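Asker: Below are the sequence and a predicted model for it; my questions follow.
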Amino acid sequence: MALGTCRAVLVTGCNRGIGLGLVRGFLARSPSPDLVIATCRHPDQAQELQHLKKQHQNLRVLQLDILCENSIKKATQETEALVGEQGLNCLINNAGINRIATLDSVTAQDMLALYETNTVAQLMVSKAFLPLLRKAAYQDVVMGIHRAAIINVSSQSASMQLFSQNKKSEEVYPYRIAKTALNMITCCLAADLISDGILCMSLEPGWVKTDMGGSKAPLQLKEIIPGILNVLANVREKDHGAFLNWKGEVVPW
């Protein structure tokens with residue numbers, strides 16, 4: 001029900017992988033959101049997105065480089081023109097990068113690059129779109145993506161409690177540390193935005209076979225996307241500030 005009443009959703013990093021899968025999933029739902037906004041750095045090169053755009057009248061493709069302040073500002077203005085006074089109901093911070101780096105090989109450049117992209121940028125994008133999320137939040141009183149929500153795509157490797165179960169994550173020092181910091185952003189946003197009625201949560205999509213996830217990943221997009229959409233459709237105030245996986249299970253911090 002919530003997805004059907006979610007007027008406008010924006011997803012970052014949609015040229016491939018989970019972002020593209022989410023866009024496809026939203027468009028395939030019945031009913032689908034009135035407006036699905038897919039963003040990526042180079043829309044002209046995103047052939048699958050452009051193909052989807054021709055097939056679905058409710059899809060808009062916008063240029064957004066999450067590391068560029070001017071690009072964020074421009075995408076925010078373009079989104080405002082699309083959503084009007086009803087605002088943006090759901091922002092999914094999915095864009096991110098990974099880099100193999102062990103204790104022996106990791107460099108300061110690795111750490112700074114992933115922290116900027118996977119953590120700082122997510123906060124700056126959320127901050128930029130807050131006015132539009134607040135507009136949407138005023139339209140309802142029940143928390144959920146049908147009202148207003150920020151969903152941060154995190155990782156199980158970010159869980160400090162599950163560290164011993166994620167030994168492979170030792171190969172991705174910068175990634176797991178940046179995602180752990182992203183989880184703290186979720187907690188901070190949840191504390192600050194509860195009075196606005198904007199639901200904030202971290203989402204763990206699983207280790208998925210994508211360009212970033214690699215060929216050894218055990219999960220397929222077609223398996224996890226319906227699960228993610230079902231989780232999003234049912235999140236409510238009890239899930240504010242939570243860390244959930246694609247099955248809707250709580251992931252320990």
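Answerer: Looks like it arrived, so ask away.
Asker: Only C-alpha atoms from now on, for both contacts and neighbour counts.
Answerer: Noted.
Asker: Surely residue 56 touches residue 27?
Answerer: Yes - taking contacts as CA atoms under 8 Å, residue 56 lies within contact range of residue 27: 7.5 Å.
Asker: Give the burial count for the residue lying closest to residue 237 once chain neighbours are set aside, as a bare number.
Answerer: In space, and not counting its chain neighbours, residue 237 is closest to residue 143: 5.2 Å by CA to CA, 6 or more residues apart in numbering. For residue 143, the neighbour count with other CA atoms under 10 Å is 22.
Asker: From what I see, residue 250 and residue 244 are in contact.
Answerer: Yes - applying CA under 8 Å, one finds residue 250 in contact with residue 244, separated by 4.6 Å.
Asker: Find the helix or strand that residue 200 is a member of.
Answerer: strand 199-204 (DSSP states H and E).
Asker: what does residue 150 give?
Answerer: Judged by DSSP H and E, residue 150 forms part of strand 149-153.
Asker: Would you report the backbone torsion angles of the nearest residue to residue 180 once chain neighbours are set aside?
Answerer: The shortest distance from residue 180 to any non-neighbouring residue, by CA to CA, 6+ apart, is to residue 158 (4.4 Å). For residue 158, the backbone dihedrals (degrees, to the nearest 10) come out as phi -80, psi -10.
Asker: residue ranges with poor pLDDT in the stretch 1-150 of the chain?
Answerer: Confidence mapping of the stretch 1-150 of the chain against pLDDT under 70 gives the ranges 1-4.
Asker: Just give me the neighbour total for residue 154.
Answerer: 31.
Asker: contacting residues around it?
Answerer: For residue 154, the contacting residues are 179-180, 182-183, 202-205, by CA atoms under 8 Å, 6 or more residues apart in numbering.
Asker: What is the nearest of these to residue 238?
Answerer: residue 202 (13.5 Å; CA to CA).
Asker: all helices for this structure, in order.
Answerer: 2-5, 17-28, 47-55, 69-83, 108-115, 121-137, 173-193, 221-234 (DSSP state H).
Asker: So what touches the second one?
Answerer: Counting by CA under 8 Å, 6+ apart, helix 17-28 makes contact with 3, 11-14, 32-33, 36, 38, 49, 52, 56, 59, 94-95, 210-212, 221-222, 225-226, 229, all of which sit outside it.
Asker: mind running it again at 7 Å?
Answerer: 11-14, 32-33, 38, 94, 210-211, 221, 225-226 (CA atoms under 7 Å, 6 or more residues apart in numbering).
Asker: So which bits of that helix are buried?
Answerer: 17-27 (16 or more other CA atoms under 10 Å).
Asker: Tell me, how many residues neighbour residue 55?
Answerer: 11.
Asker: Hmm, residue 236 is touching residue 145, no?
Answerer: No - counting by CA atoms under 7 Å, residue 236 does not reach residue 145; the two are 8.3 Å apart.
Asker: more crowded one of these two?
Answerer: When neighbours are counted by other CA under 10 Å, residue 236 and residue 145 differ, and residue 145 comes out ahead with 30 against 17.
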